[in-house]
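A.B. asks: Give me a 3D structure for the following:
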Amino acid sequence: MFPCIYYYYFGIECPGCGFQRSLVHLFHGDFYFSLLLFPGLIPLLFFLLYQFLILFFVDLKRILIIKKLTNSFGILALTIQLVVYALKWMELYPWANKFF
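C.D. replies: Have a look, this model is predicted:
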């Protein structure tokens, strides 16, 4: 796995720390541990999947409901990660350092 450059230079976790480990656990079927490591992974994957599909299928751009839903997934993933990151800093996220 790639090391976090932010953690390497500054000694603190960035909001994206845990993404790789979470993705590996998700592919292995361990959903609970995956969500503990990176809670915004599932909405982020839906957002990225839609963005990938839009590159190949132009008709998806025209469907307004899908576009709004996908934007909501992106905003949801970002919000979840920022809230969890803030909770880690305030030490209110009890399982934050349990697995590292």
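A.B. asks: for this structure, longest helix please?
C.D. replies: With DSSP state H applied, the helix covering the greatest number of residues in the chain is identified as helix 64-89.
A.B. asks: In it, which residues are buried?
C.D. replies: Neighbour-count burial for helix 64-89 flags 70, 73-74, 76-77, 80-81, 84-85, 88 (criterion: 16 or more other CB atoms under 10 Å). From N, CA and C alone the C-beta is placed, and that goes for glycine too.
A.B. asks: Stretch 35-49 spans what distance, first to last residue?
C.D. replies: Distance across stretch 35-49, first residue to last, is 18 Å (CA to CA, to the nearest Å).
A.B. asks: Report the separation between L36 and Y7.
C.D. replies: Between L36 and Y7 the distance is 18 Å, computed by CB to CB, to the nearest Å.
A.B. asks: More neighbours: which of the two?
C.D. replies: L36 (19 against 13; other CB atoms under 10 Å).
A.B. asks: Confidence-wise, which helix or strand of this structure is lowest on average?
C.D. replies: helix 64-89 (a mean of 80; mean pLDDT, DSSP states H and E).
A.B. asks: now for that helix, which elements pack on it?
C.D. replies: In terms of contact count using 3 or more CB pairs under 8 Å, 6 or more residues apart in numbering; DSSP states H and E, helix 64-89 is assigned the packing partners helix 41-56.
A.B. asks: tell me the angle the helix it packs on makes with helix 64-89.
C.D. replies: Here helix 41-56 points in a direction 140 degrees away from that of helix 64-89 (axes from the mean of the first three to the mean of the last three CA atoms, to 10 degrees).
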